[in-house]
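A.B. asks: below: sequence and its predicted model.
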Amino acid sequence: MSDQKVAIVTAGGSGMGAAAARKLADDGFRVAILSSSGKGEALAQELGGIGVTGSNQSNDDIQRLVDKVIAEWGRIDVLVNSAGHGPRAPILEISDDDWHRGMDVYFLSAVRPARLVAPHMVKQGGGAIINISTFAAFEPDPVFPTSGVFRAGLAAFTKLFADQYAKHNVRMNNVLPGFIDSLPEKDVFRERIPMGRYGRSAEIAATIGFLASEGAGYITGQNLRVDGGITRSV
């Protein structure tokens with residue numbers, strides 16, 4: 001087993017996932033990236049890591065990446081679960097098929113990798129899983145209906161996971177971004193942000209870097225809001 005720590009990033013070809021991969025590489029991690037576009041494989045090559053072109057909605061694709069990482073490096077210290085974009089529509093106009101697609105995109109995309117990676121983390125004595133969620137997980141937003149619903153479920157899953165795996169030193173936390181510059185900016189959204197600006201992908205990546213670090217070693221089962229003040233925790 002290598003002494004150098006290893007991170008896997010799913011949906012890491014662009015946006016916040018790619019920013020997280022770069023940050024972790026800068027922090028000294030070996031990085032493996034899963035992306036359906038092929039951009040993740042190119043980024044992994046740039047960072048001297050492992051890339052697989054595939055989907056986080058496919059157990060086989062995730063398993064392929066995990067197998068490559070274990071065969072090459074023998075360990076997994078950090079898993080970052082990012083995701084694409086699910087269906088949007090007025091709440092009662094969302095079809096059953098689109099609700100199921102939303103569950104795949106926003107919920108099972110984190111459950112599947114955790115299921116495959118957690119046993120390796122337990123065996124090696126610890127690890128950190130970080131899910132990129134949304135500010136709308138606790139204050140649902142009609143702009144992001146399927147994201148809000150299923151990431152509220154992800155918050156519950158995270159608490160259940162954290163309770164069960166804390167004794168193994170395997171942590172799981174969620175990062176809840178607001179409006180981030182990985183998407184085109186709109187005045188109507190910017191006006192909702194108390195800080196008056198979109199967040200930067202690099203800021204989300206820095207939060208992920210902290211949660212992956214020893215400084216966050218006593219943090220698990222939490223939801224960290226990184227949204228410029230749009231939402232408030234009680």
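C.D. replies: Happy to help now that I have it. The structure displayed is predicted, hence computed values, not measured ones.
A.B. asks: what helices or strands is the top helix by length along the chain leaning on?
C.D. replies: With secondary structure taken from DSSP state H, the chain has its longest helix at helix 145-165. With contacts defined as 3 or more CB pairs under 8 Å, 6 or more residues apart in numbering; DSSP states H and E, helix 145-165 has these neighbours: helix 96-103, helix 109-124, strand 127-132, strand 170-177. Every residue, glycine included, has its C-beta placed from N, CA and C.
A.B. asks: change it to 7 Å
C.D. replies: Under the contact definition 3 or more CB pairs under 7 Å, 6 or more residues apart in numbering; DSSP states H and E, helix 145-165 sits against helix 96-103, helix 109-124, strand 170-177.
A.B. asks: TSV for these, including mean pLDDT?
C.D. replies: Below are those laid out as TSV (pLDDT from 0 to 100):
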stretch	mean pLDDT
helix 96-103	97
helix 109-124	98
strand 170-177	98
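A.B. asks: would you point to the one among those that's packed deepest?
C.D. replies: strand 170-177 (a mean of 25; mean count of other CB atoms under 10 Å).
A.B. asks: hey, C-alpha coordinates of that strand in PDB?
C.D. replies: C-alpha atoms of strand 170-177 as PDB (Å, rounded to 0.1, in the frame of the first residue of the first chain):
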ATOM      1  CA  VAL A 170     -15.000   6.500   8.400                       C
ATOM      2  CA  ARG A 171     -16.700  10.000   8.200                       C
ATOM      3  CA  MET A 172     -19.400  11.300   5.800                       C
ATOM      4  CA  ASN A 173     -20.400  14.900   5.400                       C
ATOM      5  CA  ASN A 174     -22.300  17.000   2.900                       C
ATOM      6  CA  VAL A 175     -21.300  20.400   1.400                       C
ATOM      7  CA  LEU A 176     -24.400  22.500   0.500                       C
ATOM      8  CA  PRO A 177     -23.400  25.100  -2.200                       C
END
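A.B. asks: can you give me how far that strand is from the chain middle?
C.D. replies: Mean-position distance between strand 170-177 and its chain equals 8 Å (CA atoms, centre = their mean, to the nearest Å).
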